[in-house]
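# structure of the sequence below:
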Amino acid sequence: MTIFIPRFVEVCIAASSAVVAMGLFRAKERHELEGRFITPQELHTLMSRRKVLLFDIREPLDLLGKSEIITGAKWIDPEAVIKNPSLIPKDQDSVIYCTCPSDETAMKVMRRALAMRFSQMKLLRGGLDAWKSSGYQTVPYTQTFHLNTAKSPVVGIAS
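The predicted structure follows:
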């Protein structure tokens, strides 16, 4: 006996399956990203115990607006690190941060890094603002960089 399923029903079942699969993928990604966050207190403790590489990945204009950085951090243009995650060492303890609502820029970088199998990168929850509100020190950002009107505004950083 052959069961006849109208084409419309087949399409609905396929679409529903795709939506469920996408939801499961996003839930898995959220869970994996959630495990990558570190609080300012945890980072401060970690930094007192061993060497941790810190990377400020704020947009250039955000950096101009708040010209300070966590002591020991290095600023990297977020677009550059998204295109070339190897700017951050893959197998060393590293923490990235920004000042975006919901750590948006850091999440983009982390997604890219996870896709490239970075194993020891963490996100500072709340970024620079959370670090400062926890009472931890920052230093003025004194490096110069040049803005350009191109899509990727940073063309160089002078030491």
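# contacts, neighbours, all on C-alpha from now
Will do.
# from Phe55, how far off is the residue nearest to the spatial centre of the chain?
Closest residue to the average C-alpha location of the chain: Ala106 at 2.1 Å, with C-alpha atoms, centre = their mean. Distance, Ala106 to Phe55, by C-alpha to C-alpha, to the nearest Å: 10 Å.
# need the overlap of contacts for those two.
Residues touching both Ala106 and Phe55 (C-alpha atoms under 8 Å, 6 or more residues apart in numbering): Ile96, Tyr97.
# what distance do you get for the residue nearest to the centre of the chain to Arg49?
Ala106 is 24 Å from Arg49, by C-alpha to C-alpha.
# quick check: pLDDT value at Lys28.
Lys28 is assigned 54 on the pLDDT scale.
# how about Asp93?
Per-residue pLDDT puts Asp93 at 90.
# which residues does it contact?
Neighbouring residues of Asp93 by C-alpha under 8 Å, 6+ apart: Lys51, Val52, Leu53, Gln120, Met121, Lys122.
# do Lys51 as well
Asp93.
# please renumber the chain so that the first residue is 75 from this point on.
With the count now opening at 75, the last piece we talked about shows up as Lys125.
# coming back round to it: keep only those of the contacts of Asp167 that are in strands.
Among the contacts of Asp167, DSSP state E puts Leu127, Met195, Lys196 in strands.
# so which of the residues you listed comes closest to Glu116?
Using C-alpha to C-alpha, Lys196 is the member of these that lies nearest Glu116, at 11.0 Å.
# count the neighbours of the closest one for me.
Neighbour count of Lys196, defined by other C-alpha atoms under 10 Å: 23.
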